[in-house]
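1. Turn this into a model:
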Amino acid sequence: MGTPRFAVPTLEVLVASGEDIVAVVSQPDRPAGRGQEVVSPAVKEYALRKGFIVLQPQKMKDPAFLTRFQGLKPDLAVVVAFGRILPPELLKVPRLGCVNVHASLLPKYRGAAPIQWAVSNGEPETGVTTMYIDEELDTGPILLQEKTAIQATETAGQLADRLSVMGAQLLIRTLEMLKRGELQPRPQDPALATYAPLLKKEHGRIRWELEARQIYNLVRGTDPWPGAYTFYKEQRWKVLKVRVIQEDRSGLGGLGRPGQIVKIEKQGAQVLTGRGILALEELQPAGGRRMIFQEYLAGHPVEEGIILQ
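-> Here you go, the predicted model:
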């Protein structure tokens, strides 16, 4: 049970390991992109290429879907980035339960966007967890975990690619150990729980009163979606790459306000933050393409002193 590209490596390793996959469940096809063309989930596309039965329920409690699911008589359900809460009546169907691959070191970052929030919050490390699913959100007993450092320049998209492969390998290890009876599920400590709610477009808006390092992490954590953005006058800039020039405001005195462009160079526009200075090095104007700041300057004058909103 999975939906986006992140879930495909797990399905690939299950196929390679020779497991008997009786069906694949994915979310429905949905409109996407500027043209709003209907697009199939990445998991569905891969599953169809391999000739699997694909189920795409509109609602997880749909009686027809539940009847079909029960009829498959699965021993185990493997869930990766499926994007839906599984109802109790479905959780009871697989004889050995439902195992989830979650992209965090639970109980930290329970929820829909653990990778993006870990990067945005400047975490030094994260990882993947396999766990049994219960009726609440990411609260079930932990089976295995694996840690990895988050690189200083790594975006959420780059980290997701790494974690998708790590998660797939951890899932195979989990299944092998479960078959041998070598795993003892351990309960999560709710006192250590943190949450990673679903991202919305407004999460990408830069608040210049934050510290330069926090904004730097936000740009990485919202790449590729929803993307960090700000406004120069009335022009919306999607901010794609930034660099921390200094971590504090030493030498600046009381001059300038957060968001103010204080220096323009070919390499980037230097902007005051609540603490420190940040250089905008790559951006994408509304309706335009991604470009380095020097390219943007060639056709768009940028004034010092303007305060980005």
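
2. Which residue, other than its chain neighbours, is closest to F69?
-> V93 (5.9 Å; Cβ to Cβ, 6 or more residues apart in numbering). No exception for glycine: its C-beta is placed from N, CA and C like everyone else's.

3. would Q116 count as being in a strand?
-> No - assessed by DSSP: H, G, I helix; E, B strand; the rest coil, Q116 does not belong to a strand; its assignment is helix.

4. Looks like it contacts L199 (just checking).
-> Yes - the criterion here is Cβ atoms under 8 Å, and Q116 meets it with L199 at 5.6 Å.

5. Show me whatever sits in contact with both of these two.
-> Counting by Cβ atoms under 8 Å, 6 or more residues apart in numbering, the residues touching both Q116 and L199 are T222.

6. out of those two, which sits in the busier spot?
-> Q116 (29 against 18; other Cβ atoms under 10 Å).

7. how about the helices of the stretch 101-250 of the chain, start to end?
-> Here the stretch 101-250 of the chain has its helices, by DSSP state H, counting those that start in this stretch, at 114-120, 156-179, 212-221.

8. Next, format the ones you listed as JSON lines and append mean pLDDT and distance to L192.
-> Shown next, in JSON lines, are these (pLDDT from 0 to 100; distance: least, Cβ to Cβ, whole Å):
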{"stretch": "helix 114-120", "mean pLDDT": "98", "distance to L192": "14"}
{"stretch": "helix 156-179", "mean pLDDT": "98", "distance to L192": "20"}
{"stretch": "helix 212-221", "mean pLDDT": "98", "distance to L192": "21"}
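
9. Give me whichever of these is most buried.
-> Burial of these is given as mean neighbour count (mean count of other Cβ atoms under 10 Å); helix 114-120 ranks first at a mean of 26.

10. Just the residues contacting it, thanks.
-> 102-104, 109, 111, 126, 150, 154-156, 159-160, 163, 196-197, 199, 217-218, 220-222.

11. Ok, stretch 160-180 next?
-> Contacts of stretch 160-180 (Cβ under 8 Å, 6+ apart): 5-10, 12-14, 17, 19, 76, 78, 80, 96, 99, 101, 103, 115, 126-130, 143-146, 148, 183.

12. where does the chain have its least confident helix or strand?
-> Ranked by mean pLDDT, DSSP states H and E, the helix or strand of the chain with the weakest confidence is strand 30-32, at a mean of 91.

13. any weak-confidence spans in this protein?
-> 251-254 (pLDDT under 70).

14. What is the burial count for the residue lying closest to V78 once chain neighbours are set aside?
-> Once flanking residues are discounted, V78 sits nearest to V99: 5.6 Å by Cβ to Cβ, 6+ apart. Neighbour count of V99, defined by other Cβ under 10 Å: 21.

15. Confirm V99 sits in a strand?
-> Yes - counting by three-state DSSP, V99 falls inside a strand.

16. Tell me how far it lies from P124.
-> As judged by Cβ to Cβ, to the nearest Å, V99 and P124 stand 28 Å apart.

17. What of P185?
-> 27 Å.

18. Which one's more surrounded, those two?
-> Applying other Cβ under 10 Å to P185 and P124 shows that P185 carries more neighbours, namely 14 against 9.

19. Hmm, the more buried one is touching Y132, no?
-> Yes - contact criterion Cβ under 8 Å: P185 and Y132 qualify, at 5.9 Å.

20. shared neighbours, the two?
-> P141, L143.

21. Show the contacting residues for the closest residue in space to Q145 that isn't next to it in sequence.
-> When the adjacent residues along the chain are set aside, Q145 lies closest to T129, with 4.8 Å between them (Cβ to Cβ, 6+ apart). Taking Cβ under 8 Å, 6+ apart, we find T129 in contact with V101, H102, S104, L105, L106, I142, L143, L144, Q145, L170.

22. What's the local residue count around E37?
-> 10.

23. Give the bridge partners for it, please.
-> On the basis of DSSP bridges, E37 is bridged to A32.

24. Check whether it really touches P31, as I assumed.
-> Yes - with contact defined as Cβ under 8 Å, E37 counts as touching P31 (6.6 Å).

25. how much space between the residue nearest to V78 and R289?
-> 42 Å.

26. Next: R84.
-> 35 Å.

27. Who has more neighbours out of those two?
-> With neighbours defined as other Cβ under 10 Å, R84 and R289 compare such that R84 has more, 15 against 7.

28. Show me this protein divided up by domain.
-> With domains defined by automatic domain parsing, the chain comprises 5-192, 201-299.

29. and L308, which of the ones you listed is closest to it?
-> domain 201-299 (4.3 Å; Cβ to Cβ).

30. For the closest one, what is the distance to the chain centroid?
-> Domain 201-299 sits 22 Å away from the centroid of its parent chain (Cα atoms, centre = their mean, to the nearest Å).
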